[in-house]
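S.K.: just to be clear, the model below is a prediction. Sequence and coordinates:
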2 protein chains.
Amino acid sequence: MTIDERKKLILESIIKDYVETAEPVGSRAVVRRHSLNISAATVRNEMADLEEMGYLEQPHTSAGRIPSQQGFRYFVDCMMEKENLTEEEATFLHQLLGERVEEWSTVVEGVSHFLSQITNYASFIIVPSVKVSQFRYLQIVPLREGQALVLLVTDMGLIMHRKIDIPPSIKSEDLQIIADLFNRIFQGRRLNELKRSDLQNLRDELRQRRSVIDSALDAIDGLLDNAAEDKVVISGALNILKEPEFKDLDKLKRILMLLDTEGQLRDIVPDEVSEEVNIRIGRENELEDIQEMSVVVAGYKAAGAMGKIGLIGPVRMEYGKAAGTVESVRSIIEEILRETFYK
Amino acid sequence: MTIDERKKLILESIIKDYVETAEPVGSRAVVRRHSLNISAATVRNEMADLEEMGYLEQPHTSAGRIPSQQGFRYFVDCMMEKENLTEEEATFLHQLLGERVEEWSTVVEGVSHFLSQITNYASFIIVPSVKVSQFRYLQIVPLREGQALVLLVTDMGLIMHRKIDIPPSIKSEDLQIIADLFNRIFQGRRLNELKRSDLQNLRDELRQRRSVIDSALDAIDGLLDNAAEDKVVISGALNILKEPEFKDLDKLKRILMLLDTEGQLRDIVPDEVSEEVNIRIGRENELEDIQEMSVVVAGYKAAGAMGKIGLIGPVRMEYGKAAGTVESVRSIIEEILRETFYK
DNA sequence: ATTAGCACTCGATTGAGTTGAGTGCTAACA
DNA sequence: TGTTAGCACTCAACTCAATCGAGTGCTAAT
């Protein structure tokens, strides 16, 4: 059996209504709400066909139909129209991002918050570990007697710092010399490829400053350890409280707990994503606990690695809005990253 | 009517059972579970008295009794024994805090997380705005052609930084001179009392560097704006999902939303707190929406201002454990702050 | 191929009946 | 006078049957 235009129209109507109301849709409702020129009985026949084909299902014999996950998949593949951000929304996001790009961590939170606000779904953003970015510049700043600050700047302009103890005998010029040494050797290298051994042979000529060099290396190690994992931010997890399908407290609890834990989110989001918006509907997800949820995700390029942003909502999701929003936000993020950091 | 020893014992039994089970407690249960040498009938008489005095209430005639909020208040005032952290827990927290005290923001999150884990209630920590701490030290570090980094260090050792643009003509020594100027003038002043005018008269002698001075001042303003509000961190808000009294989805929703919003939390927590553990039971709270919750809070001294830590849970709370834990954590935080920053 | 008509299905709602934990009161007792 | 056994009473919670109605599937007419 093939899916002709009329079937398509009916399927679309049902999906639209169901997304809006979360109630099974009956044949009369389809005719009435979308003022088709066919009778309810005809629609019933078509609906029976669509059910047989697997695009619809019936909660029970005397109820209307709801779209199956396969139905949503068909909708996403063949009928969905992406709804991008409006002009105002895009402008707003631009401003939000432009404001304080230096503080990348707050920007990230801002973006995630924005996404969940706009869509009313839970949103996430994953920022690749700083370890994949490059060493650009190191500086050691004297703080007070016996203390200095190691400043590490990456190619993306991210600044990390850590205090170290230094012998009181060390002078400001010594620190400069050591910093220059680091800069010469590590310039342009990936942070996760910095090796202590590269500094091994040189240290002899700087014997009396060895302890400072060691401290600085320790500090770098500490900083990288600290930022070893991809950073995960989740916003608006409580949005799922609004969805009528989760009136079951136990189910709700499980999902909320899942979304509350950064680590779990890493399992939810596909490992490999392209820049294309990718949609996983219900059981297409691997993790058992979210097989009643859909995940919309896109990758953004950041310093050679791939970050991810996306949404998590019920299978009964406004896919057009969700996909369009994620796509818009992704392209704005990339734009800002390009403008700000690679110039 | 006065509350004699036996009444006290009965009230305590009922509170204990009710805290554990969340079910109304009957007269038989009191006798059985606490093996008292009196009959259920006697207990019933005493319970009737306690109800008349306002310490107990009945959900309906044929149910057992539950402690009223006044009952809990009496318990907290006259019978509660604080359960402090165990040796192991305290050691663990010490280690957690000792590890990376430099990153005060992650420490804060760690503490909050710890509190909610240990107690199974929602926990919060409020860190006073950095504005009340003192200017200790400023440094301007050249980054690359036309860019520098303003580093601001507070008396608590907190380090803030922001990038500024500088004219290419400015040399490293110039930056040092400007930084020295800032240090001389602002040394020991409170950050929120730094005034641009203090630099006004001096600027003439540094005319060609005026733009850098202005940029640096802007950077400081930006940093302070950024950290203008007290920082609020909440952990374990989802713990209330476990409490049987919140099986009503609507109520649940309202409370979760409340706890999800930093701003709202500022309204929940009392404005003025002492270092003493303070307990607000149900309707003792001002905010309407949490009059079925209790708040346990203590203040900790940090750089002349008062930070706050505490717990939010149902009125049916393990007050002894909650108060003891908060008290222990507070004293450990203060200890660490003293050791690390004021030395 | 489409449609009107009608019997049928089944979740949701309503209401009556039953159960059982727990109370209050009374009278007997130490 | 305080304590206790006994008993009638209360009321939420549960069960079960009756009813309702939205929506279907099928059949026969167009």
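M.R.: Noted; the coordinates are in hand.
S.K.: list the residues that contact the residue at minimal distance from the centre of chain A.
M.R.: Nearest residue to the geometric centre of chain A (CA atoms, centre = their mean): residue A:309, 2.2 Å. Residue A:309 makes contacts with A:111-112, A:115, A:123-126, A:297-298, A:300, A:326, A:329-330, A:333, as judged by CB atoms under 8 Å, 6 or more residues apart in numbering or on different chains. From N, CA and C alone the C-beta is placed, and that goes for glycine too.
S.K.: try 6 Å
M.R.: Contacts for residue A:309 (CB atoms under 6 Å, 6 or more residues apart in numbering or on different chains) come out as A:125, A:330.
S.K.: quick one: it from residue A:232, how far?
M.R.: 11 Å (CB to CB, to the nearest Å).
S.K.: who does the helix or strand containing residue A:184 touch, helix- and strand-wise?
M.R.: Per DSSP states H and E, residue A:184 falls inside helix A:172-186. For helix A:172-186, the elements it packs on are strand A:135-144, judged by 3 or more CB pairs under 6 Å, 6 or more residues apart in numbering or on different chains; DSSP states H and E.
S.K.: now the angle from the following helix or strand past the strand it packs on to strand B:135-144?
M.R.: Moving toward the C-terminus from strand A:135-144, the next helix or strand (DSSP H and E) is strand A:147-154. Going by axes from the mean of the first three to the mean of the last three CA atoms, to 10 degrees, strand A:147-154 is angled at 40 degrees with respect to strand B:135-144.
S.K.: residues touching the helix or strand following strand A:147-154, excluding its own?
M.R.: With elements assigned by DSSP H and E, the helix or strand that comes after strand A:147-154 is strand A:159-165. For strand A:159-165, contacts defined as CB under 6 Å, 6+ apart pick out A:146, A:148-153, A:215, A:219, A:222-223, B:102, B:159.
S.K.: over to the one residue in chain A that gets nearest to DNA strand C. Which of the three states is it?
M.R.: Relative to DNA strand C, the nearest point of chain A is residue A:62 (2.6 Å; CB to the nearest atom of the strand). Following DSSP: H, G, I helix; E, B strand; the rest coil, we place residue A:62 in the coil state.
S.K.: so where's chain A uncertain?
M.R.: A:99-103, A:200-208, A:341-343 (pLDDT under 70).
S.K.: wait, which of the contacts of strand A:159-165 is closest to residue B:167?
M.R.: residue A:153 (20.4 Å; CB to CB).
S.K.: what's the neighbour count on the residue nearest to that closest one when sequence neighbours are not counted?
M.R.: Closest residue to residue A:153 apart from its sequence neighbours, by CB to CB, 6 or more residues apart in numbering or on different chains: residue A:137 at 4.2 Å. Residue neighbour count, defined by other CB atoms under 10 Å in any protein chain shown, stands at 21 for residue A:137.
S.K.: can you pick out the most distant pair from the contacts of strand A:159-165?
M.R.: Maximum distance among the contacts of strand A:159-165 (CB to CB): 24.4 Å, for A:146 and A:153.
S.K.: so between the two, which is more surrounded?
M.R.: With neighbours defined as other CB under 10 Å, residue A:146 and residue A:153 compare such that residue A:153 has more, 21 against 13.
S.K.: tell me the contacts of the more buried one?
M.R.: A:136, A:137, A:159.
S.K.: so which strand or helix has the residue lying closest to residue A:167 once chain neighbours are set aside?
M.R.: Excluding the flanking residues, the one nearest residue A:167 by CB to CB, 6+ apart is residue A:211, at 6.1 Å. Assigned by DSSP H and E, residue A:211 belongs to helix A:210-226.
S.K.: chain center to whichever helix or strand comes after that helix: distance?
M.R.: Following helix A:210-226 in sequence order, the next helix or strand is strand A:231-235 (DSSP H and E). Centre-to-centre, strand A:231-235 and its host chain are 7 Å apart (CA atoms, centre = their mean, to the nearest Å).
S.K.: ditto for stretch A:162-175
M.R.: 41 Å.
S.K.: kindly report the same for stretch A:179-199.
M.R.: Distance, centroid of stretch A:179-199 to centroid of chain: 31 Å (CA atoms, centre = their mean).
S.K.: can you list the buried residues in that stretch?
M.R.: Going by neighbour count (16 or more other CB atoms under 10 Å in any protein chain shown), the buried part of stretch A:179-199 is A:179, A:181, A:182, A:186, A:190, A:191, A:194, A:199.
S.K.: any chance of TSV for those, columns distance to residue B:51?
M.R.: Shown next, in TSV, are these (distance: CB to CB, whole Å):
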residue	distance to residue B:51
A:179	75
A:181	79
A:182	75
A:186	75
A:190	71
A:191	67
A:194	71
A:199	77
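S.K.: how about JSON lines for the residues you listed, with distance to DNA strand D added?
M.R.: Converted to JSON lines, the buried residues of stretch A:179-199 look like this (distance: CB to the nearest atom of the strand, whole Å):
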{"residue": "A:179", "distance to DNA strand D": "71"}
{"residue": "A:181", "distance to DNA strand D": "74"}
{"residue": "A:182", "distance to DNA strand D": "69"}
{"residue": "A:186", "distance to DNA strand D": "68"}
{"residue": "A:190", "distance to DNA strand D": "59"}
{"residue": "A:191", "distance to DNA strand D": "59"}
{"residue": "A:194", "distance to DNA strand D": "63"}
{"residue": "A:199", "distance to DNA strand D": "71"}
